[in-house]
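>>> Got a predicted model here, sequence first, then my questions.
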2 protein chains.
Amino acid sequence: MPGGRMGAGWGGRFRGCGYRMTIPRQIIMKVLSGTDKHLSAEDIYMKAHKTNQDMGLTTVYRTLELLMQMGVVVKFDFGDGRARYELTEGTKSKHHHHLICTSCNRIVEYTDFMDEEMEFLKRAEKGLSKKHKFDIKSHIIQFYGLCDKCKKKK
Amino acid sequence: MPGGRMGAGWGGRFRGCGYRMTIPRQIIMKVLSGTDKHLSAEDIYMKAHKTNQDMGLTTVYRTLELLMQMGVVVKFDFGDGRARYELTEGTKSKHHHHLICTSCNRIVEYTDFMDEEMEFLKRAEKGLSKKHKFDIKSHIIQFYGLCDKCKKKK
DNA sequence: ATTGATAATGGAAACCATTTTCAATAAGAA
DNA sequence: TTCTTATTGAAAATGGTTTCCATTATCAAT
Ligand SMILES: [Mn+2]
Ligand SMILES: [Mn+2]
Ligand SMILES: [Zn+2]
Ligand SMILES: [Zn+2]
């Protein structure tokens, strides 16, 4: 497949949920698909803005809200005052979680212990779904503490 | 121990961290100790305000920030635009996590699977601490999805 | 291809939880 | 009690996110 039609496949996904596929939405999907970072709404806006000058920040927020409802995106709060977003089905990044330094807000991604985690989560999600009648779509695991530097600084 | 001196024990904790014990801080600790709910800063402010008319919302925010640094309180983001706070060493509540409905923001607490979780966490925290040189103080596990009502509504 | 109902957009203004500022006050060591 | 300075409350500022609304674009039906 040629590289030009990125995000084309997302049209069906949007339409399947009763929404329309638009230029801004294509660009936003392209930005999200093309990174392995935790982008804020403004990060996404700035990247998208290079492709389409007319894009508005408001549209980024609206689209992210939509994508969250569709289960395509997860929203994180790392404590720095702005929300971060990641594709759930990342073509680039593997399933991972985060260590967060409560002192300097540094984020460390880790992919260790995913086997043990998977085993634990599989059982937990199954049981919780049934007991609390929840349709679980995603999860977040975060560890808080002091990073290397902040530990020494203290 | 008579019921009047609630939070007196916290004085040493504050002073031990190089801070002073004050009336507002005593009241805030009393409020936090006396609930098993997820209180927002304003929730705490309103409860504290009944005891001490002069208390300011600013002080609540400042004290919570302090308590977080001291590891006494954990801050949650349930997606409703305001942070929630809970004592880590809850005298009332057990260790638990949350199911969050992405549609109506309903929160369900659960204490199931804590044995399996404890086992998984113990191993993960130990390994992660060593590998990433993080001094892990706390963790958050949250499941996102649709609650019973929102599932049917769709 | 054209039409038309209406979903989606962008810019500005509004919103609102949280932070900052600063003069007044209170804690606690000496 | 005195003195240093951490802490406080009120008001103003901040800034990420939402809301409004007139304009535009999508796409199913023609
Ligand atoms: Mn990540
Ligand atoms: Mn809870
Ligand atoms: Zn750090
Ligand atoms: Zn719900």
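Structure received. Ligands and ions are numbered 1, 2, ... in the order given.

>>> host element of residue A:42?
Here residue A:42 sits within helix A:41-51, counting by DSSP states H and E.

>>> which residues does the most centrally placed residue in chain A contact?
The residue lying closest to the centre of chain A (Cα atoms, centre = their mean) is residue A:86, at 1.6 Å. By Cβ atoms under 8 Å, 6 or more residues apart in numbering or on different chains, the contact list for residue A:86 reads A:32, A:38, A:39, A:73, A:74, A:76, A:93. (Each C-beta comes from the backbone N, C-alpha and C, glycine too.)

>>> Name only those of those residues that count as buried.
For the contacts of residue A:86, a neighbour count by 16 or more other Cβ atoms under 10 Å in any protein chain shown gives the buried set as A:32, A:38, A:39, A:73, A:74, A:76.

>>> does the host helix or strand of the last one come close to DNA strand D?
The one in question is residue A:76. Applying DSSP H and E as the criterion places residue A:76 in strand A:73-77. No - judged by Cβ under 7 Å from any atom of the strand, strand A:73-77 and DNA strand D are separated, with a smallest distance of 8.2 Å.

>>> Give me the buried positions along the longest strand seen in chain A.
Using DSSP state E, we find that the single longest strand of chain A is strand A:135-146. The neighbour-count check on strand A:135-146 (16+ other Cβ under 10 Å) flags A:136, A:137, A:138, A:139, A:140, A:141, A:142, A:143, A:144, A:145, A:146 as buried.

>>> any chance of the contacts of residue A:86 in a markdown table, with pLDDT too?
Formatted as a markdown table, these follow (pLDDT from 0 to 100):
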| residue | pLDDT |
| --- | --- |
| A:32 | 96 |
| A:38 | 91 |
| A:39 | 95 |
| A:73 | 92 |
| A:74 | 88 |
| A:76 | 91 |
| A:93 | 68 |
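
>>> is stretch A:32-51 anywhere near DNA strand D?
Yes - using Cβ under 7 Å from any atom of the strand, stretch A:32-51 reaches DNA strand D at A:40, A:41, A:42.

>>> so, in contact with DNA strand C or not, that stretch?
No - if you take Cβ under 7 Å from any atom of the strand as the test, stretch A:32-51 misses DNA strand C, and the best it gets is 8.6 Å.

>>> got the contact list for residue A:100?
A:78, A:79, A:106, A:107, A:108, A:142, A:143, A:144, A:145.

>>> Out of the residues you listed, which is nearest to residue A:11?
residue A:78 (31.6 Å; Cβ to Cβ).

>>> Just to check, that closest one is in contact with residue A:84?
Yes - judged on Cβ atoms under 8 Å, residue A:78 makes contact with residue A:84 at a distance of 6.0 Å.
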